[in-house]
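Asker: Attaching a predicted model along with its sequence, questions to come.
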Amino acid sequence: MGRLHLNDNSSIKIARLITIEKKIREAQSEIELEFLIVNELKDLVNYDVAIFLSANKLGITEVKTISNISAVDQTAPLVSYIKNLTKNITFPAEENLCEINLDDHDIVEKNYERPENIPSNGLMINLQSSIGGLQGKLFILSSEKFIISDKELLTHVAGTIGHALFSFKKGPNLLEKIKSIFSGKLKWFFIIIFILIMLIPIKMSALAPVEVSANNPSVISSPINGVIKNIIVDTNDPIVVGDQLVKFDDTDIKNQYEVAKQTLAVAEAELLQNRQSSFANADDKAKIMSLATAVGLKKKELAYARDRLDYIIIKADSNGVAVIEDKNEWQGKPVVIGEKIMIIAETSDIHFSIYLPVKDSLVIAPNSKVRVFLDIDPLNSIEAKIDRTAYKPEITPEGVLAYKVVASLVETSESTPRIGLRGTARIYGDEVTVFYYLFRTPINILRQWIGY
């Protein structure tokens, strides 16, 4: 390595470099090492996003870890963009570091558009091992330009990382062991057995997160424009018809009612005065009709204000249990007419909302079998069947693109699961061979890669 040209804080950075290299050497697993690579280097270099891409013997890279993200979704727009971008980067001769400006680096494919809020300054570093060769790549993005000392520090630590990555890949050659077992005439026996096993028909299935949801709940929405003073009930409270649910702040509503009442009294008094004086005054007689219309309008305004007073407290119109997102967030919150506040759900009338990720999607027919394993009872399953499936995927709160699948209980019982419980559902699709079941994902990737 060349000499590090550091600034006045060189002693601090060297101490940090020594600490980071110590952590890299003491990493107990490849997962721990990958976490260190994308997160701990911030002590050396200031950046916004760090992405680690592993490399196999064929040189194919895969996004394994991203800073500040616990799990990487290979179908996410950022991951697809980075994989396509790295394929088109050419390193300078005999260099392991390449500086990139994303504003100048165009990707023509429409499926790999640059995501929003991604910094434009990037560094691509090869993680080389002197024995094992290329072990992966580190892609760092920053909103600020990288200085020379940053590049030198990253180049230096890249060698340590490459050596550490190679240490986890050492071990006996699995291919040689398999070759020694499947040698001679015995190999044909194993080949035939393997082919027969691959042709065994089994049910296609996929795992997906599931939530117990209310079926045909009664929606409680705001009947007026106002400010919520208090949510009277709590989530899962039993509700009967007539129970008080929500109370609005009545200060403004009461004032409007009193003003409307006084305005009506003034209009009626003026009408009465004109009627009495109309016998002697023709002008007052001509005003009677307009004043009577004004009195009628004021009566309607008073009736509207009185109706708003009646809506200060919302009462339940059905039996069930209350389901509220967050009771404390509603207190003091202004709402408009029709805004949803809570729902009243019947505890025995439920369905399962299943969010099947696009990457695991399979052909699902109505009435297909589903097994639901709730987190509170993972050893026992609940039988269900598919009612309907969304045609268009949507983004879940976890940020995963998924199809919503609705399933109902096969048989109702006294132990109906509580609304709001979560777990995992196994969805069963069409019957396929073991070969397709095992290699469905590689086949799909290969099909996309070759374009057929």
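Answerer: Great, that's in hand. This is a predicted model, so every value here is computed, not measured.
Asker: Determine the secondary structure element of this structure with the lowest mean pLDDT, considering only helices and strands.
Answerer: Least confident element among the helices and strands of the chain, by mean pLDDT, DSSP states H and E: helix 174-181 (a mean of 62).
Asker: What's the first helix or strand after it?
Answerer: As assigned by DSSP states H and E, the chain's next helix or strand after helix 174-181 is helix 186-198.
Asker: Need the CA coordinates for stretch 357-366. PDB is fine.
Answerer: Below are the C-alpha coordinates for stretch 357-366, written out as PDB (Å, rounded to 0.1, in the frame of the first residue of the first chain):
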ATOM      1  CA  PRO A 357     -44.600 -10.900  -2.300                       C
ATOM      2  CA  VAL A 358     -44.300 -10.600  -6.100                       C
ATOM      3  CA  LYS A 359     -41.000 -12.600  -6.100                       C
ATOM      4  CA  ASP A 360     -42.900 -15.500  -4.600                       C
ATOM      5  CA  SER A 361     -46.100 -15.200  -6.600                       C
ATOM      6  CA  LEU A 362     -47.700 -18.300  -8.000                       C
ATOM      7  CA  VAL A 363     -50.900 -19.300  -9.800                       C
ATOM      8  CA  ILE A 364     -53.700 -19.200  -7.200                       C
ATOM      9  CA  ALA A 365     -57.200 -20.500  -7.900                       C
ATOM     10  CA  PRO A 366     -60.300 -19.600  -5.900                       C
END
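Asker: tell me the mean pLDDT for it?
Answerer: The pLDDT scores in stretch 357-366 average 74.
Asker: buried set for it?
Answerer: For stretch 357-366, the neighbour count (16 or more other Cβ atoms under 10 Å) marks 357, 361, 364 as buried. Heads up, the C-betas are built off the backbone N, CA and C, glycines and all.
Asker: Output the contacting helices and strands for the top helix by length along the chain.
Answerer: The residue-count maximum for a helix in the chain (DSSP state H) belongs to helix 282-310. Helices and strands touching helix 282-310, as assessed by 3 or more Cβ pairs under 8 Å, 6 or more residues apart in numbering; DSSP states H and E, comprise helix 251-277.
Asker: Need the mean per-residue confidence for the helix it packs on.
Answerer: The model assigns helix 251-277 a mean pLDDT of 77.
Asker: now stretch 47-67
Answerer: 78.
Asker: Just name whatever secondary elements the following helix or strand past the longest helix of the chain is in contact with.
Answerer: Next along the chain after helix 282-310, taking DSSP H and E as the criterion, comes strand 313-315. Helices and strands touching strand 313-315, by 3+ Cβ pairs under 8 Å, 6+ apart, are strand 244-248.
Asker: Helix 282-310 and the strand it packs on, what's the angle between them?
Answerer: Per axes from the mean of the first three to the mean of the last three Cα atoms, to 10 degrees, the angle that strand 244-248 makes with helix 282-310 is 130 degrees.
Asker: And strand 244-248, what's buried?
Answerer: 245-246, 248.
Asker: Show me what that strand is packed against.
Answerer: strand 226-231, strand 313-315, strand 340-345.
Asker: before we move on, back to that, and the buried residues of strand 244-248, which is closest to residue 82?
Answerer: Taking Cβ to Cβ as the measure, residue 82 lies nearest residue 246 of these, at 47.8 Å.
Asker: What distance do you get for the closest residue to the closest one other than its chain neighbours to residue 388?
Answerer: The spatially closest residue to residue 246, leaving aside those adjacent along the chain, is residue 314, at 4.2 Å (Cβ to Cβ, 6 or more residues apart in numbering). Using Cβ to Cβ, to the nearest Å, we find residue 314 at a distance of 31 Å from residue 388.
Asker: So those two - more neighbours on which side?
Answerer: Counting neighbours by other Cβ atoms under 10 Å for residue 314 and for residue 388 shows that residue 314 has the greater number, 22 against 13.
Asker: Could you pull up the residues touching residue 304?
Answerer: In this structure, residue 304 makes contact with residue 260, judged by Cβ atoms under 8 Å, 6 or more residues apart in numbering.
Asker: And for the one 10 residues further on?
Answerer: Each residue near residue 314 by Cβ under 8 Å, 6+ apart is listed here: 220, 222-223, 244-248, 341.
Asker: Over to residue 376?
Answerer: Per Cβ under 8 Å, 6+ apart, neighbours of residue 376: 421, 423.
Asker: longest strand anywhere in the chain?
Answerer: The strand spanning the most residues in the chain, taking DSSP state E as the definition, is strand 201-214.
Asker: next SSE after it?
Answerer: Following strand 201-214 in sequence order, the next helix or strand is strand 218-221 (DSSP H and E).
Asker: follow-up on the earlier one: next step: the buried residues of stretch 357-366 restricted to strands.
Answerer: Reading strands off those with DSSP E, I get residue 357.
Asker: can you list the buried residues of stretch 357-366 in TSV and add distance to residue 298?
Answerer: Below are those laid out as TSV (distance: Cβ to Cβ, whole Å):
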residue	distance to residue 298
357	60
361	62
364	61
